[in-house]
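Enquirer: heads up, no residue letters with this:
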Ligand SMILES: Nc1ncnc2c1ncn2[C@@H]1O[C@H](COP(=O)(O)OP(=O)(O)OP(=O)(O)O)[C@@H](O)[C@H]1O
């Protein structure tokens, strides 16, 4: 239905039998809202489900290879469909062993892949995979049936493309090749060291379903991703750059891009994305929190769906300047308690995210404070300022959800990609042991590695937008607030979450142009501080006495003693005075909007 309550006209319409329930016919129609499946029971009842176009990630045409040994009258158990992709890249056709032996089956099959919301609004809300396989057999030859299936596929693909028109595909500004190509950077050491496995098992199937071609880069050392971003021809990755790792890897990508002479164009061109494989994963969680997606049941799935079905949304960065360096940050700047936890808990990294909780308890017992001068430019009229910065959200129209009580597994056939997930690819030796970059292009063809175009001889120099602040050696502007005191912690954040379970700035938006400065001065009791820590997982910490949250455009922190750590996006910087300013919306990330 459109905004006026009118039913969208069908683009294509056809009647099918359900393979497993022959007493039903389904009228399937494709409209710009999605796929409508109207079930007609033999008692004359009719029920329609809608698979929203926003939940569909791709579709594939297939042919029955006829090699199955399963009984003709019932589906194979456990989804053990042996899918072998034998089609040409041109037709993008796959052959599938469907569980029916039909001599000379000339049907063409179209599988449509969607991830639909289940248990909407409930605590256990999640996205479930749903595959609808349509069997076209009106004609007596495969070629004729396949033409009909291809027509449906083209129509669905163009609807998917239109859904993403708001920026997923960016027009190249010169002769750079723009494809459907994505770069995936995997840090095999992030978190508990499972990123490579996650990629093979969980990401590859989704990219395959969505027909996204990708290059894979496995980092071999610290700063590998940073060098890659600085020196490669990034314009061949029109689909964007995804990091599978933690926030530290994203930090490298952003700062590598800022070291390019064409940094501005690079940021306008690229869309960034993250799949959580680290121990913090603040960015991945913040994106799904802001877009209201059910992150917790399956963070990797939700983040992967951002990439294949997401919109390009602007995101703020922060320029951070110390006495010795300039870096660009997307997450937070910490000094005091939380920064100390971040750094000191490194020694129990093998525990994954619980390392933060465990170390917090240890540090609470010996609560410290540090003298410092904190100056900031406060945002007084938050509403006006954020309205100016915040990106326009997509409008949903009046969509109808798949009914909750109805089983979503309406399958007319089998999912030919099931069991395809664990397709192993041979890793390039050089990607692991050498400083050179190795890519494995993964398409229909066997893996191969190639060396990317490299911008030779580029100087390493931090570029990026100019600062509007006075140098650190000069006084702050006269209209800034200046506080000199003893602080337990000062933590600046510009995303809602600094890790999966810490919602430090609940009001923060990806592109609101605000740095949220959380300040706790000395004098807070251990009990109150414990309350603060316990509140961090729900956002209730802001209601705790002695906890201040100040929205600012820029700030300067001058520690008046050594002792604490200065941490930017989880990375330790040399202890120094620091100043930071918001750069609204200068990068873009994939964020999938849930409409409810
Ligand atoms: N192959 C590698 N070997 C060792 N270190 C690496 C490698 N690749 C990247 N790194 C470094 O590892 C650091 C941490 O990586 P990453 O952020 O991916 O994981 P994490 O620290 O577990 O997660 P988080 O940052 O969310 O806590 C980064 O600073 C990066 O420079």
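Expert: Noted; the coordinates are in hand. This one's a predicted model, so the numbers in the text were calculated from it and none came from an experiment.

Enquirer: so which strand or helix has residue 557?
Expert: Using DSSP states H and E, residue 557 sits in strand 547-559.

Enquirer: quick one: strands adjacent to the following helix or strand past that strand?
Expert: Next helix or strand after strand 547-559 toward the C-terminus (DSSP H and E): strand 566-568. Here strand 566-568 has these sheet partners by DSSP bridges: strand 332-336 (antiparallel), strand 571-573 (antiparallel).

Enquirer: can strand 566-568 be found next to the ligand?
Expert: No: against the ligand, strand 566-568 shows no contacts by C-beta under 6 Å from any ligand atom, the least distance being 10.5 Å. In this view, the C-beta of every residue, glycine as well, is placed from N, C-alpha and C.

Enquirer: heads up, I number from 36, so please use that
Expert: With the count now opening at 36, the last piece we talked about shows up as strand 601-603.

Enquirer: related to what we said a few turns ago, of the strands paired with strand 601-603, flag the one that's most buried.
Expert: Of all the strands paired with strand 601-603, strand 367-371 has the most neighbours on average by mean count of other C-beta atoms under 10 Å, namely a mean of 27.

Enquirer: what about that one, distance to the chain center?
Expert: 24 Å (C-alpha atoms, centre = their mean, to the nearest Å).

Enquirer: State the next helix or strand along the chain beyond that strand.
Expert: Strand 367-371 is succeeded, C-terminally, by helix 372-379 (DSSP H and E).

Enquirer: Report the buried residues of that next one.
Expert: 372, 373, 374, 375, 376, 377, 378 (16 or more other C-beta atoms under 10 Å).

Enquirer: wait, doesn't the third one sit right on residue 602?
Expert: Yes: here residue 374 lies in contact with residue 602, judged by C-beta atoms under 8 Å, at a distance of 4.0 Å.

Enquirer: looking at the protein, which helix or strand is least sure?
Expert: Across the helices and strands of the chain, mean confidence by mean pLDDT, DSSP states H and E is lowest for helix 464-468: a mean of 22.

Enquirer: can you narrow the buried residues of helix 372-379 to ones near the ligand?
Expert: Within the buried residues of helix 372-379, nothing lies near the ligand by C-beta under 6 Å from any ligand atom.

Enquirer: ok, whatever residue of the stretch 86-235 of the chain ends up closest to the ligand - how many residues close by?
Expert: When scored by C-beta to the nearest ligand atom, the stretch 86-235 of the chain has residue 225 as its residue closest to the ligand, at 3.1 Å. Counted by other C-beta atoms under 10 Å, the residues lying close to residue 225 total 25.

Enquirer: residue contacts, the closest residue to it other than its chain neighbours?
Expert: Nearest residue to residue 225, sequence neighbours excluded (C-beta to C-beta, 6 or more residues apart in numbering): residue 280, at 3.7 Å. Residues near residue 280 by C-beta atoms under 8 Å, 6 or more residues apart in numbering: 220, 221, 222, 225, 226, 230, 254, 309, 312, 313.

Enquirer: Just give me the longest helix of this protein.
Expert: When the chain is scanned for its longest helix (criterion: DSSP state H), the result is helix 177-198.

Enquirer: centre of the chain versus that helix, how much separation?
Expert: Centroid separation for helix 177-198 versus its chain: 27 Å, with C-alpha atoms, centre = their mean.

Enquirer: Please list the residues outside it that contact it.
Expert: 46-47, 49, 65, 67, 69-70, 88-89, 91-96, 98, 126, 128, 141-145, 147, 169, 171-174, 204, 344.

Enquirer: Please flag which of those residues sit within strands.
Expert: 47, 49, 65, 69-70, 91-96, 98, 128, 143-145, 147, 169, 171 (DSSP state E).

Enquirer: Write the PyMOL selection for whichever of the residues you listed are buried.
Expert: Here is the PyMOL command that selects the buried residues among the ones in strands among the contacts of helix 177-198 (16+ other C-beta under 10 Å):
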select buried, resi 65+69+70+91+92+93+94+95+96+98+128+143+144+145+147+169+171
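
Enquirer: and the helix or strand harbouring residue 618, what does it pack onto?
Expert: Element membership of residue 618, judged by DSSP H and E, is strand 613-626. Packing partners of strand 613-626 (3 or more C-beta pairs under 8 Å, 6 or more residues apart in numbering; DSSP states H and E): helix 298-304, strand 307-311, helix 317-325, helix 334-344, strand 346-357, strand 367-371, strand 550-556, strand 582-594.

Enquirer: the inter-axis angle of that strand versus strand 307-311?
Expert: Going by axes from the mean of the first three to the mean of the last three C-alpha atoms, to 10 degrees, strand 613-626 is angled at 90 degrees with respect to strand 307-311.

Enquirer: ok and strand 613-626 relative to strand 550-556, angle-wise?
Expert: Using the same axes, to 10 degrees: strand 613-626 against strand 550-556 is 130 degrees.

Enquirer: Find the residue closest to the closest residue to the ligand within the stretch 136-285 of the chain in space, skipping its chain neighbours.
Expert: Relative to the ligand, the nearest point of the stretch 136-285 of the chain is residue 281 (1.8 Å; C-beta to the nearest ligand atom). Take residue 281 and drop its neighbours on the chain: the residue closest to it by C-beta to C-beta, 6+ apart is residue 313, 1.7 Å away.

Enquirer: Surely the one you found forms part of a strand?
Expert: No: applying DSSP: H, G, I helix; E, B strand; the rest coil, one finds residue 313 to be coil, outside a strand.
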